[in-house]
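K.L.:
need a structure here:
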Amino acid sequence: MGSRRIVLTFDIENDCSSDLFEGIRLGLPKILRLLRKYKIPATFFVTGEVAERFPKVIQNLSANYEVGCHGFYHESFNKIDPRKVKLLKSAKQLLEEITGAPILGFRAPYLKVSQELFNALVKLNFKYDSSLAWFKINHWRLSSRLKEFWLMFPNVYFRFPLGLSLFKIGCFLNKLPVLYFHPWEGIDVRSLFLNHPNYFRVIFTRPDRWLNSGDQFIFLLSKFIKFQIKHGVTFQTLRDLYSEISNSS
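P.N.:
Numbers count the residues shown, from 1 in each chain. Now for the predicted structure:
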């Protein structure tokens, strides 16, 4: 085992806050081919809505990778109420029925969290959370009784100029880098907005959504994985890390 470790995670959801799921249909297969090619384990945080629409996809996914929960309708949890807790419980139960395994981990959509959310996660028997990010100052003051796996960088930085170099350096400096991406990044996101009434405004104001998406994203991710393997890095799932920490405590 290499002395350094990295965790690749992917949030499985609707495309860019739309009602489309092209990322599941076209982007996810590209990512899975890449992971199989390099024999890389990964953790996938799945919404209940995706599990409901694509149960066979998620069932097949769980045969080789860890599946965690990402809410039901990709709702934010910076404010929480009984309805959201009920949806969260339903999402966890649905994922467990489809995968046939306990769902241990959670990631909040948009990384929007609250102290009340963490309390609800404990009551619903989640074991770890990966919603907190070093790049969000408001997260620093929160506390959780769950094991927290903090995110290193915003995913969008990876697709920006010099982003690949930034991630390489960050992974060398970080003790346990946890990275997150989305299947819709594996498709040309601009194609999703072709029928948008304000296409050009969206393209110019939200380059973070479409820049270097599609095949370029897959190319960058492949280069990143090859670089880390060359330097002796071990890839792991969050479930395996959680089990390792639990067994050693």
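
K.L.:
what's the single longest strand in this structure?
P.N.:
Using DSSP state E, we find that the single longest strand of the chain is strand 5-12.

K.L.:
for the worst-scoring helix or strand of the chain on mean pLDDT, the distance to its chain's centre please.
P.N.:
Least confident helix or strand of the chain, by mean pLDDT, DSSP states H and E, is helix 199-205 with a mean of 87. Offset of helix 199-205 from its chain centre (CA atoms, centre = their mean, to the nearest Å): 25 Å.

K.L.:
likewise for stretch 55-74?
P.N.:
On CA atoms, centre = their mean, the centre of stretch 55-74 falls 11 Å from the chain's centre.

K.L.:
and that stretch, how far apart are its ends?
P.N.:
Start-to-end span of stretch 55-74 (CA to CA, to the nearest Å) is 17 Å.

K.L.:
buried sites along that stretch?
P.N.:
57-58, 61-62, 65-72, 74 (16 or more other CB atoms under 10 Å). C-beta here means a position set from N, CA and C on the backbone, and glycine is covered the same way.

K.L.:
host element of the residue sitting furthest away from the middle of the chain?
P.N.:
In the chain, the residue that sits farthest from the middle, by CA atoms, centre = their mean, is Pro197; the gap is 29.4 Å. Following DSSP states H and E, one finds Pro197 outside all helices and strands.

K.L.:
picking up where we left off before, now do the longest strand of the chain: everything it contacts.
P.N.:
Residues outside strand 5-12 that contact it (CB atoms under 8 Å, 6 or more residues apart in numbering) are 23-24, 28, 31, 35, 40, 42-47, 50, 58, 70, 107, 109, 130, 149, 171, 176-183, 228, 233-238, 241.

K.L.:
direction included, what does it pair against?
P.N.:
Within its sheet, and counting by DSSP bridges, strand 5-12 is paired with strand 43-46 (parallel), strand 178-181 (parallel), strand 234-236 (parallel).

K.L.:
how about low-confidence regions in this protein?
P.N.:
Across the chain, the ranges flagged by pLDDT under 70 are 1-2, 249.

K.L.:
now the helices: where do they sit in it?
P.N.:
22, 28-38, 48-53, 55-62, 82-99, 115-123, 156-159, 163-173, 199-205, 207-210, 215-230, 238-248 (DSSP state H).

K.L.:
contacts only, for Arg239.
P.N.:
Contacts for Arg239 were tallied using CB under 8 Å, 6+ apart; they are Thr43, Glu66, Gly68, Leu104, Gly105.

K.L.:
how many other residues sit next to the last one?
P.N.:
Going back to what we said before, that points to Gly105. Burial of Gly105 is recorded as 26 neighbouring residues (other CB atoms under 10 Å).

K.L.:
for Lys175, see how far away Ser3 is.
P.N.:
Using CB to CB, to the nearest Å, Ser3 is found at 11 Å from Lys175.
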